Structures are given as C-alpha cells and as structure tokens.
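*Asks:* please work out how this folds:
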Amino acid sequence: MVKKVDSSEIIIRSYKEGDEEQTLDFLNFCYGNWGSMQKWKYLYTEQPLFTNSDIVIMEMAGRVIGHGGMHFRNFALGDKTLLAVLLGDGAIHPDYRGMRLHSKLLRERFQRAKNKNACLCFGWTLKNSDAYKSDIRQGFVEVKQFPTYLRILDYGNILKAGLSDILVKNGRLRAALLSFECPIYFKTHSKKFSISELFDGVSGSQQDKIEIFFDENAIKRIYNFRSIGKTKKMYILMYLLVLRKIKISYSSFKAFIIFIKQAKAIISSL
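*Replies:* Residues are numbered from 1 along each chain as shown. Here you go, the predicted model:
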C-alpha cells in the first residue's frame, strides 16, 4: 500500500560517513540479498573516481526510503576521452512506490552526472518492469545486444532466489502469503523451503501445511514472471497447473480451506 506523504518531507542528499549500515540494510531489503559491506565498499568508496555525491539517498524522518548509485568511467575513443556514468542500485522502499520517486531519483542523478561533464548514461533494468517504464519515460533508449544463453544447473536455488525477488518487490503478494495461518512450502525435485525462510512471520502447526511443487519445465516458463502482465501470468499458471507442472498439495482439510480463503488475495496481487 502506498503511503500518503508530503513530498516536501522527503530529503534528497549525498552519502555521508556513517550511512553504511543503514544503506546496506536498505539494499538487502529491497533486492532480497544484495550483498555484503565488502561488496558495497568495492563498488563505491574504494573506486578511484568515487565522491560522496555518487550515492544519492532519499530520506524521510531519518529513514532511508530511496537509494541510487552512480559509477563514473572514462571511455577512450581514439585520442579522445569521454566520461560516462553507469547507474546502479536504484531502489525505492516498497511502502513509497507509486509516487514517481524512481523518476525523481533518476533526474537527480542525471543532474549530478551533468555537473561532472558526463556525456553518456547507462542503465540496466528488467524489461517491462516499473523501473524499465520509468527509465523509458526519462529518455533512455534501449540498446539491442547479442543474444545471451543460459543453462540452469540448480533449479531449487533459482526458484528460491526468484521468489525472494518477487516477494520483495510485490508487497501485496508478500502480505497475502504471510497472512496464511499455516506454513507454505515450495518444492523442486531437489530442494524444499518455506516462506518463513524468505520472510519472518509465518505461523501455524506443521500438521497443517501447504506444499507447492514446481518441476523444471515450470521454472523455465516463469523465469520472467515479474515482467509480464497479469492476464499472461494467470494463463501461464493455469496452463502449468493443468499439465501438473505445478502441483499444490495440502496436509489437512484445514490447510485446503485456508488456501481457498486466501486464493482471491493472491490472484489480485499478481
């Protein structure tokens, strides 16, 4: 749910010494598992061109609600050198999304890059995501790249990481799943994990539980789940359920009733 706040309450400032722990906690919350302090220092403060203004922080009442990083690099073109900026780690707290703060964060970084005489700006976002749409509105042009091929080696960990990413960025779905009165488990042929391993707060007895199984073909079909529309999401899920590539099992009648009661909330949050 989007909070109603006065934009004048939001402070935009540069990184300052002492922000490290709160900033790292924020990134790990928004991205699910962003990384360690060592990674943060390597990407930012230990870089030779780094200045404090390369990290933009949005803050309200002393709380970090937005973060945007910049990485400056010199591009050699023949005998000329151009300064380019790579945008990274842009995030808005889920409670404050839907207020165009991502666009505001972009414009702030554009201006700072111009002040340093940067000529080019690069960014990477998931196609058709809210961040992608915001980037296009702000003037980014998609650059076509050579195809990339991948082979999944560990379907269980891919499913766990993907679900964590979806639940971090979809507050309504996260709230719907965490409101269940019994634990929910996700399974592959080689791995089993519960929602409580991703987020705290799931309660209920082990006798009443719900297990959702994904086979390898299902995981391949939903790899870009977050970037597609709701109608297509529903079609894919129904298709996989009918083919039994996704199977839902219940340890008790009570667990079945709980799932049926919550199904509407889950569907509406997709």
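*Asks:* could you give me the buried positions within stretch 134-152?
*Replies:* Neighbour-count burial for stretch 134-152 flags 134-135, 140 (criterion: 16 or more other C-beta atoms under 10 Å). All C-beta atoms are positioned from the backbone trio N, CA, C, and that covers glycine.
*Asks:* what is the end-to-end distance of it?
*Replies:* 30 Å (C-alpha to C-alpha, to the nearest Å).
*Asks:* quick one: mean pLDDT for that stretch?
*Replies:* Confidence over stretch 134-152 (mean pLDDT, whole number) is 81.
*Asks:* one more: stretch 25-41?
*Replies:* The predicted confidence, averaged over stretch 25-41, sits at 88.
*Asks:* list the buried ones in that stretch?
*Replies:* 26-27, 30, 32, 34, 40.
*Asks:* and residue 13, that's in a strand?
*Replies:* Yes: counting by DSSP: H, G, I helix; E, B strand; the rest coil, residue 13 falls inside a strand.
*Asks:* would you state the strands of the stretch 151-270 of the chain in chain order?
*Replies:* For the stretch 151-270 of the chain, strands defined by DSSP state E, counting those that start in this stretch occupy the ranges 184-187, 192-194, 210-214, 246-250.
*Asks:* let me have the ones you listed in TSV, adding mean neighbour count as columns.
*Replies:* Listed next are these as TSV, based on neighbours: other C-beta atoms under 10 Å:
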stretch	mean neighbour count
strand 184-187	19
strand 192-194	15
strand 210-214	19
strand 246-250	15
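*Asks:* and those strands: which comes nearest residue 126?
*Replies:* Of all the strands of the stretch 151-270 of the chain, it is strand 210-214 that lies closest to residue 126, at 20.5 Å by C-beta to C-beta.
*Asks:* quick one: average confidence on the closest one?
*Replies:* Across strand 210-214, the average pLDDT comes to 93.
*Asks:* report the distance from that strand to the chain centre.
*Replies:* With C-alpha atoms, centre = their mean, to the nearest Å as the basis, strand 210-214 stands 23 Å off its chain's centre.
*Asks:* rank the strands of the stretch 151-270 of the chain by pLDDT, which is bottom?
*Replies:* Mean pLDDT is lowest for strand 192-194 out of these, coming in at a mean of 88.
*Asks:* direction included, what does that strand pair up with?
*Replies:* Sheet pairing of strand 192-194 (DSSP bridges) gives strand 184-187 (antiparallel).
*Asks:* tell me the buried residues in the longest strand belonging to the chain?
*Replies:* In the chain, taking DSSP state E as the definition, the longest strand is strand 63-77. By neighbour count on 16+ other C-beta under 10 Å, the buried set for strand 63-77 is 64-72.
*Asks:* partner strands of it, parallel or antiparallel?
*Replies:* strand 55-60 (antiparallel), strand 80-92 (antiparallel).
*Asks:* so for the last one, what's the average pLDDT?
*Replies:* This points to strand 80-92. 90.
*Asks:* same question for the first one.
*Replies:* For strand 55-60, mean pLDDT is 94.
*Asks:* can you give the contact residues for it?
*Replies:* Strand 55-60 is contacted from outside by 5, 9-15, 19, 23, 44, 64-70, 92, 96, 101, 104-105, 108-109, 112, using C-beta atoms under 8 Å, 6 or more residues apart in numbering.
*Asks:* how does the chain divide into domains?
*Replies:* Per automatic domain parsing, the domain ranges recorded for the chain read 7-137, 155-269.
*Asks:* quick one: closest of those to residue 146.
*Replies:* domain 7-137 (15.1 Å).
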